[in-house]
Structures are given as structure tokens and as C-alpha cells.
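Trainee: sharing a model that was predicted from the sequence below.
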Amino acid sequence: MDRQPQCPMPGGKGGGMNRRSFLATTAAAGISASLVSTADAECDPLLSLINEYRDQMALFNAAGDLSDEDDAALMAATWEPAYDRLCYDPPAPTTDAGAIAAIRLIVNEAETCGYQPDMIFNVLSVAAAYLERRAAS
């Protein structure tokens, strides 16, 4: 069965807008990994994970229409591991760029893919903790 890939949703199930629209929206919003220095991305584990998620989503989206079986296999091989980590075990940011990227990710995901409570809570929690430590020092 041919269908367009969908944005990830809670539980790893598809739904929401299609990936092509999502990537176009992301680019239009100026949420590009290229806006962040390579040094920041290399030393910040959350920023690195967010960039990996975006890169893997682009690879998945480039595959076009697939059968359900191929779609599931490609999803598992590309964006799903990074998505799961963002939802359930995001690393703490170590740079301002990482905290900003976390906030932008959540805003963009909410606008384009819908409500994702695990990602929202966990990514914003680690970003807030970083910003609180930064403000206290």
C-alpha cells in the first residue's frame, strides 16, 4: 500500500501532516541545523540528537512512497531511534544553542505534527534545567 510518510506521533504511530510538508515548514521557519555552529553540535548531546533526528527524517522522507512493511523498516532504521530518545531519554543540553534548539524543536513539532506529550515534557524539562543552572551561575 503506497502512502506518504507521516510525522511521528506518540507511540511511534504515523499521523498528522506528511513529511514533505513538515520539512518544507521546518525550512521555512528557519529551523536549520546549519544555523548552529559545528562546534556547538559536536559538544552538545541534545543538539546533536536533534540534528540527528532532523537528518534521519530527511533521509526517510527522501525515500518517497513505500509499502507499509518497507515504511516501517525504514522508519526503524532512520528517524525512530532518535525520536524515541527525544521522547523518553533526552540528554541535557550543554550549550545555549542546545537549549534553544530544544525549544524550537518542540514548537515546530507541535505546529506540524500535533501533541506529543512525552517529547514535550522530557525535552523541555532538560532544556529548562539547563537554563535554570545557567541563570543561577
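Mentor: Structure received.

Trainee: on the three-state scheme, residue 81 is what?
Mentor: Here residue 81 is recorded as helix under DSSP: H, G, I helix; E, B strand; the rest coil.

Trainee: would you list the phi and psi of the closest residue in space to it that isn't next to it in sequence?
Mentor: By the measure of Cβ to Cβ, 6 or more residues apart in numbering, the closest residue to residue 81 outside its immediate chain neighbours is residue 56, 7.9 Å from it. The C-beta positions use only the backbone N, C-alpha and C, and glycine is treated the same way. Residue 56 has phi and psi values of phi -70, psi -30 when expressed as degrees, to the nearest 10.

Trainee: you'd agree residue 56 is up against residue 85?
Mentor: No. Taking Cβ atoms under 8 Å as the definition, residue 56 is not a contact partner of residue 85, at 11.3 Å.

Trainee: of the two, who's got more company?
Mentor: Using other Cβ atoms under 10 Å as the criterion, residue 56 and residue 85 rank with residue 56 on top: 19 against 16.
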